[in-house]
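Engineer: give me the fold of what follows.
(2 chains)
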Amino acid sequence: MLEAFFRYEFLQNAFYAGIMIGLLAPMLGVFLVVRRLSLIADALSHITLSGIAASLLLGKHFAFFQGLNPLYMGMVFSVGGALLIEQLRSVYQYYKEIAIPIILSAGIGLGVVFISLADGFNNDLFNYLFGSVIAVTRSDLWTIIGVTVMVLIVLIMFYKELFFLSFDEEQAVVSGLNRKIVHFIFIVMVALVIAASMRIVGILLVSSLMTLPVAAAMRFARGFKQMFVYSILFGEISVIGGLIAAYQLDLAPGGTIVILAVFILIVSIFIDKLKGGLSFTWKRTKQTPAE
Amino acid sequence: MQDLLMNLTFIERGVVAGVIIALICPVVGAFLLVRRVSIISESLSHITLTGISAGVLLGSTTIWFTDINPMYAGLAFAVAGSLLIEKLRDIYKHFQELAIPIILSAGVGLSAIFMSLSKSGYTEWYMYLFGSIVSVTRDDLVFIIITAIVVLIMVVLFYKEFISISFDQEYATVSGISVRLMNQIFAVLVAFVIAMSMKVVGILLVGAMVVLPVATSIHVAKSFKQVVGYGVGFAQLAMLSGIYFSYQFSIATGGMIVVMGLLQLIVVMMTKKVVLKWQGRDIREH
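Structural biologist: Below you'll find the predicted structure:
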């Protein structure tokens, strides 16, 4: 195992990329879940697929796009999709939540048509959908490093604003925070992280990596900072464990990573229930003498 | 009836299946829309994928399951998933919308594993993922017709209850309707619809078929019945034109159907904007 790791460059690429994704995805996921936007990640990941498909199609016809990493086109599409969602929400004033399924369907529908036109129903597409251990190239790794550094810097810079916006939107707006700009920056970050994680986890599973560790962390964390720590911990465990399992058993890494995350979630719900049951009885026995 | 079904060519079978699906999807979609849970169709379709991949895997590794159509496994998973979502909504009381991403991820994650385990060709998976009109077999058509009838009967039987829990849940509870039971029945209904549409439209695109037509019709409709009525009309138009173009240009059927639905939505939204502007000018001029 270790020997193979040092011998093959692609394994190292996948591993380093995995570590960064395991850090980034749950970190943004915390904000997503707290702001009740967890579904946006799904919509954006599906629209990323149509970006990648468009890039593959253009690459067939124009030489310029052939050399371009499809990831970039994916990023452009997912940022565009994010803006469209906001637009649609204002169109459907009474049914705002329908914006997300519309964008999600549009993303997949367009993606399928582009792929069909590019004759792309092959092995490559499968890697994009469900991730792959061997697909991460050095250029992908550099892109992911770039995204990681950028997102970390932005997150540190805007931490206060995001925190404020997540917990008390009205107060934040009243005290002069520009909601639109902060939200836009945040969504762009989500779009970038989705595009970056896609190589390893796969488009259909990126959003899981953002929500599942956070959902598990919510069961334990006693504060916002703790939620970050637990989420990142769970995220890293599932990414690294999932990658190793995928390599050993020759499975799609997206699947193993997400199933590990689901497993962690189930265990944490179970532990929480057990604890909750205990503390509940403890409280009651404590209360009775006072009455 | 039986003879008629037997004599259809493969393309006719596809079209018949498409028409039935375009009739049922918006009916259920309208209820999902007004109950603000349209995204449920998305997560259930992903769970159905798990069922299908499990069915194919069992079919290729064991002897007992070879004769069973993977669609039945898909249906079973979809029904189980729909009940599980209701359960998870109970657990995450303050973050109810988390239940859906959790089910969705678990569904896709498991199916990714099943798919890489079963080692069957990619083309077969793409057929399930993105739909293919030519692959509708007689068995599938029978399955689609039966589920369609079941769904229609359920909707007619429980129409009043569904309406009242959709628009006024408190009133429904007061008048003695068990919201919990109705929610569960409805979730099972959605699962049925998804399992039946999957073969033609593809798992990743079923949600679109449920959402897009009603999202279009709500721009023009003036009542709930009209939402359903126009929705069915838009769905049929998208389905038939999608099938036609996908056949003409040999593009994956599901994708083309969804793109047609999308075009409708954009056209309707644009016309409405223009019409509203015109009316606005009229009023100002007078």
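
Engineer: all contacts plus neighbour counts: C-alpha atoms, from now on.
Structural biologist: Fine.

Engineer: which residues sit in contact with residue 182?
Structural biologist: Since you didn't name a chain, this refers to chain A. For residue A:182, the contact set (C-alpha atoms under 8 Å, 6 or more residues apart in numbering or on different chains) comprises A:158, A:161, A:162.

Engineer: switch to chain B, please.
Structural biologist: B:161, B:162, B:165.

Engineer: go with 10 Å
Structural biologist: Applying C-alpha atoms under 10 Å, 6 or more residues apart in numbering or on different chains to residue B:182 gives the contacts B:158, B:161, B:162, B:165, B:188.

Engineer: the host helix or strand of it: which residues count as buried?
Structural biologist: Assigned by DSSP states H and E, residue B:182 belongs to helix B:179-201. For helix B:179-201, a neighbour-count test (16 or more other C-alpha atoms under 10 Å in any protein chain shown) marks B:179, B:183-201 as buried.

Engineer: one step back: who wins on neighbours among the contacts of residue A:182?
Structural biologist: residue A:162 (22 neighbours; other C-alpha atoms under 10 Å in any protein chain shown).

Engineer: any idea how far that residue is from residue A:35?
Structural biologist: Distance, residue A:162 to residue A:35, by C-alpha to C-alpha, to the nearest Å: 10 Å.

Engineer: over to residue A:129?
Structural biologist: Residue A:129 sits 27 Å away from residue A:35, going by C-alpha to C-alpha.

Engineer: what's the helix or strand for the residue in the stretch 151-286 of chain B positioned nearest to chain A?
Structural biologist: The nearest approach of the stretch 151-286 of chain B to chain A comes at residue B:255, 4.3 Å away (C-alpha to the nearest C-alpha). Following DSSP H and E, one finds residue B:255 within helix B:253-285.

Engineer: now for that helix, which elements pack on it?
Structural biologist: Judged by 3 or more C-alpha pairs under 10 Å, 6 or more residues apart in numbering or on different chains; DSSP states H and E, helix B:253-285 is in contact with helix A:99-117, helix B:122-130, helix B:179-201, helix B:203-217, helix B:224-249.

Engineer: spatially nearest residue to the residue of the stretch 51-200 of chain A found nearest chain B, not counting backbone neighbours?
Structural biologist: Residue of the stretch 51-200 of chain A nearest chain B, by C-alpha to the nearest C-alpha: residue A:109 (4.3 Å). Distances taken as C-alpha to C-alpha, 6 or more residues apart in numbering or on different chains place residue B:255 nearest to residue A:109, at 4.3 Å, with adjacent residues excluded.

Engineer: burial measure for that neighbour, as a count.
Structural biologist: By other C-alpha under 10 Å, 33 other residues sit near residue B:255.

Engineer: and it, how far from residue B:89?
Structural biologist: Applying C-alpha to C-alpha to residue B:255 and residue B:89 gives a distance of 32 Å.

Engineer: now swap in residue A:240 and tell me
Structural biologist: Using C-alpha to C-alpha, residue A:240 is found at 30 Å from residue B:89.

Engineer: comparing these two, which shows the higher neighbour count?
Structural biologist: Remark: of residue A:240 and residue B:89, residue A:240 carries more neighbours, 20 against 16, as counted by other C-alpha under 10 Å.

Engineer: does that one touch residue A:19 like I think?
Structural biologist: Yes: Residue A:240 is within contact range of residue A:19, at 7.1 Å (criterion: C-alpha atoms under 10 Å).

Engineer: close to chain B: what parts of the stretch 151-291 of chain A are there?
Structural biologist: A:201-202, A:204-212, A:214-215, A:218-219, A:246, A:249-263, A:265, A:269, A:273 (C-alpha under 10 Å from any C-alpha of the partner chain).

Engineer: hmm, 7 Å instead?
Structural biologist: Residues of the stretch 151-291 of chain A lying close to chain B by C-alpha under 7 Å from any C-alpha of the partner chain are A:204, A:205, A:208, A:212, A:251, A:252, A:254, A:255, A:256, A:258, A:259, A:262.

Engineer: nearest to chain B, of these?
Structural biologist: Chain B has its nearest neighbour among those in residue A:255, at 4.0 Å by C-alpha to the nearest C-alpha.

Engineer: show me what contacts the closest one?
Structural biologist: When contacts are counted by C-alpha atoms under 7 Å, 6 or more residues apart in numbering or on different chains, residue A:255 touches A:130, B:109, B:110, B:112, B:113.

Engineer: and the furthest pair within these?
Structural biologist: Greatest spatial distance among the contacts of residue A:255 (C-alpha to C-alpha): A:130 and B:110, at 10.8 Å.

Engineer: so which of the two has more stuff around it?
Structural biologist: residue A:130 (28 against 23).

Engineer: would you format the contacts of residue A:255 as CSV with distance to residue B:39 and secondary structure included?
Structural biologist: Formatted as CSV, these follow (distance: C-alpha to C-alpha, whole Å; DSSP: H, G, I helix; E, B strand; the rest coil):
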residue, distance to residue B:39, secondary structure
A:130, 21, helix
B:109, 18, helix
B:110, 20, helix
B:112, 21, helix
B:113, 24, helix
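
Engineer: list just the nearest of those to residue A:226.
Structural biologist: Nearest to residue A:226 among the contacts of residue A:255: residue B:109, at 26.9 Å, using C-alpha to C-alpha.

Engineer: okay but that closest one is in contact with residue A:258, surely?
Structural biologist: Yes: in this structure residue B:109 lies within contact range of residue A:258 using C-alpha atoms under 7 Å: 5.4 Å.

Engineer: what parts of chain B come near chain A?
Structural biologist: So far as C-alpha under 7 Å from any C-alpha goes, chain B lies against chain A at B:36, B:38-39, B:101-102, B:105-106, B:108-110, B:112-113, B:116-117, B:122, B:205, B:207-208, B:211-212, B:251-252, B:255-256, B:258-259, B:262.

Engineer: quick one: mean pLDDT over the helix or strand that residue A:238 is a member of.
Structural biologist: Here residue A:238 sits within helix A:224-249, counting by DSSP H and E. Helix A:224-249 carries an average pLDDT of 91.

Engineer: which secondary structure elements does that helix contact?
Structural biologist: helix A:9-34, helix A:206-217, helix A:253-290 (3 or more C-alpha pairs under 7 Å, 6 or more residues apart in numbering or on different chains; DSSP states H and E).
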